[in-house]
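**Student:** Structure for the following, please:
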Amino acid sequence: MLKWCDRWQTENIWSFTPKTVAVEDFTAYSDEFMKNTVWTENCSSWYKGNSVTGRVSALWPGSTLHYMESLAVPRADDWDVVYHGNRFAWMGNGFSQIELDVTCDWAYYIKEHDDSPYLSKSKQRKIITNSGSKSGNEFKVV
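**Tutor:** Predicted structure coming up:
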C-alpha cells in the first residue's frame with residue numbers, strides 16, 4: 001500500500017480504486033480456497049460474521065509468507081487510476097533528480113560488475129529468503 005501512496009504523491013494521481021472485477025475475482029478465489037480449510041467448520045466466529053455458516057471474510061487465503069509475497073509488489077492492472085491532469089506530468093522538466101544534485105555520480109550505472117537486482121520473482125525470493133542456506137533435510141513441506 002505504501003508503494004501506491006508513493007505513486008499517488010509523486011505521479012499526479014487524483015485517485016486509485018480497486019477494479020470491481022478484481023475484487024470479485026479475489027473474493028471468488030478466497031471463497032474457493034476457504035472451502036477446504038478448518039475455518040469453514042461448524043462454529044460461530046467473528047471472521048464469519050458471528051455466524052456458524054457465514055462466509056469466511058477476514059482471513060487471507062493462504063499462509064503468512066504467501067500473504068507477504070503476494071502483496072510485496074502492487075498489481076497496477078487491478079486498479080482504476082484517475083490522474084489530475086496529464087498522466088505523464090510526473091516526468092517533470094526532462095531532467096533527472098540526479099542531474100540536479102552536484103554531489104551525485106551521474107554515471108552511477110557504469111560498474112565493474114553487475115550488482116542490479118534480479119528481475120524475476122523467483123530469483124528475488126531466493127535472495128531475500130536465503131534459499132539454499134539450509135540442507136533441506138531439516139524441514140518437511142506439508
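**Student:** Not counting its neighbours along the chain, what's nearest Ile98?
**Tutor:** Take Ile98 and drop its neighbours on the chain: the residue closest to it by C-beta to C-beta, 6 or more residues apart in numbering is Cys104, 4.6 Å away. (C-beta placed from N, C-alpha, C; glycine too.)
**Student:** element containing Gln9, please.
**Tutor:** helix 2-10 (DSSP states H and E).
**Student:** Show me what counts as buried in stretch 54-74.
**Tutor:** 56, 61, 69 (16 or more other C-beta atoms under 10 Å).
**Student:** And for stretch 23-41?
**Tutor:** With the criterion 16+ other C-beta under 10 Å, stretch 23-41 contains buried residues 30, 34, 39.
**Student:** Where does the prediction get shaky in the protein?
**Tutor:** The model of the chain has pLDDT under 70 over residues 136-142.
**Student:** can you rerun that using 90?
**Tutor:** Along the chain, segments meeting pLDDT under 90 span 1-12, 16, 36, 38-54, 57-58, 68-69, 71-76, 89-102, 104-142.
**Student:** what are the ranges of the helices in it?
**Tutor:** 2-10, 20-34, 64-71, 121-128 (DSSP state H).
**Student:** Using TSV, lay out those together with distance to Asp114.
**Tutor:** Converted to TSV, those look like this (distance: least, C-beta to C-beta, whole Å):
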stretch	distance to Asp114
helix 2-10	25
helix 20-34	36
helix 64-71	25
helix 121-128	13
